[in-house]
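Q: Pasting the sequence and the predicted model now:
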Amino acid sequence: MSAADSASEKALWAAHLLTLFPEMFPGPLGHSLAGRGLKKGIWSLDCHNIRSFATDKHANVDAPPFGGGHGMVMRPDVMGRAIEHVIAQQPPKRNLTRLYPSPRGKLLDQKMVRELSQQEGVMIVCGRYEGLDQRVIEHYQLTEVSIGDYVLSGGEQAAMVILDTVVRLLPGVMGKQESHLEDSFESGLLEHHHYTQPRDWQGLEPPEVLLSGHHQNIAKWRHENAIEITTDRRSDLIAAYMAKKHLKKEDKD
Ligand code: ADE
């Protein structure tokens, strides 16, 4: 067993990527919080080169779409072999959530991120060209995930975003476990403003209450500030927050 295999077996949370560009990884995921977690063995990252599962002499991974049209579609036979390889490699009790980054997918949000962090790991199938043959998506029950309403040139960038958001929530990755509880979206609100030294910068001072040392007043200011910012910028989030608060109040009454 190689060193990489044993790291992947021991890690709490495993990420397997199927990609035509394994050299893109770990890239940004090798730095900062995600990189530290990777080095500590809290999560593991294995990249599998899709091209190595091609069998013809040109190592073709794509073909023109049936029915005509522009672009190329990734071949189901090649993708199937790559996916089967990853499934067969897993230790008996590791069930990887199967994701396919795609602009047609369910929009990634903090709830989905939290759920993924509580599972055993992911297999992310990165598409290029016009994407995957639909039979592969259905046969392997891949969940399509979008990171936003725009089109990337491939799934790798989206996979990096998905992994970055998930691994920072794994126990031991962040210094203080509570530190993400106030993050934007965890509470349903965008985060309050932040200020630091120097106290006077270009004649501008932070809000007085933050210098008061009065923890209750500071917490109250931050909460009100978060409400104001969310109201201003995201009417969808504030509506959902108010509705949830209303429901909780009804539960109590
Ligand atoms: N692939 C191309 N565009 C994408 C997007 N917006 N989200 C996820 N994967 C993608």
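A: Noted; the coordinates are in hand. Numbers count the residues shown, from 1 in each chain.
Q: His192 falls within a strand, correct?
A: No: counting by DSSP: H, G, I helix; E, B strand; the rest coil, His192 falls outside a strand, being coil.
Q: For Arg199, see how far away it is.
A: According to Cβ to Cβ, to the nearest Å, His192 and Arg199 sit 18 Å apart. Yep, even glycine has a C-beta here, placed from its N, CA and C like the rest.
Q: Likewise for Val125?
A: According to Cβ to Cβ, Val125 stands 51 Å off from Arg199.
Q: what's the answer for Pro92, then?
A: According to Cβ to Cβ, Pro92 and Arg199 sit 58 Å apart.
Q: Among those two, which residue is more densely surrounded?
A: Arg199 (11 against 5; other Cβ atoms under 10 Å).
Q: Can you tell me the closest non-neighbouring residue to that one?
A: Excluding its sequence neighbours, the residue lying closest to Arg199 (Cβ to Cβ, 6 or more residues apart in numbering) is Glu205, at 6.4 Å.
Q: Go ahead and confirm the one you found touches Pro198.
A: No: between Glu205 and Pro198 there is no contact under Cβ atoms under 8 Å: 9.9 Å.
Q: Mind telling me what element the residue nearest in space to the middle of the chain is part of?
A: Most central in the chain under Cα atoms, centre = their mean is Ile162, positioned 1.7 Å from the mean C-alpha point. Using DSSP states H and E, Ile162 sits in helix 155-167.
Q: what sits up against that helix?
A: Contacts to helix 155-167, defined as Cβ atoms under 8 Å, 6 or more residues apart in numbering, come from residues 13, 15, 17, 19, 21, 24-25, 27-29, 33-34, 37-38, 42-43, 45, 99-102, 108, 110, 113, 116-117, 122, 124-128, 145-147, 152, 173.
Q: now with 6 Å?
A: Residues from elsewhere that reach helix 155-167 (Cβ atoms under 6 Å, 6 or more residues apart in numbering): 15, 17, 19, 21, 24, 29, 34, 37, 43, 101, 113, 116-117, 124, 126-127, 147, 152, 173.
Q: Could you count how many residues lie near the nearest residue to Pro64 once chain neighbours are set aside?
A: Counting by Cβ to Cβ, 6+ apart, Met72 is the residue found nearest to Pro64 once chain neighbours are left out, at 6.1 Å. A count of nearby residues for Met72, using other Cβ under 10 Å, gives 15.
Q: pretty sure Met72 is in contact with Tyr129, am I right?
A: Yes: using Cβ atoms under 6 Å, Met72 makes contact with Tyr129 at a distance of 4.3 Å.
Q: Residues that sit against both of the two, list them.
A: Contacts common to Met72 and Tyr129, judged by Cβ under 6 Å, 6+ apart, are Asp62.
Q: Sketch out the helices for the stretch 51-200 of the chain, chain order is fine.
A: All helices of the stretch 51-200 of the chain, identified by DSSP state H, counting those that start in this stretch, fall at 76-89, 110-117, 134-139, 155-167.
Q: closest to Thr230 out of the ones you listed?
A: Minimum separation from Thr230 across the helices of the stretch 51-200 of the chain (Cβ to Cβ) falls at helix 110-117, 13.7 Å.
Q: quick check: angle from that closest one to helix 155-167?
A: Angle of helix 110-117 versus helix 155-167, following axes from the mean of the first three to the mean of the last three Cα atoms, to 10 degrees, is 80 degrees.
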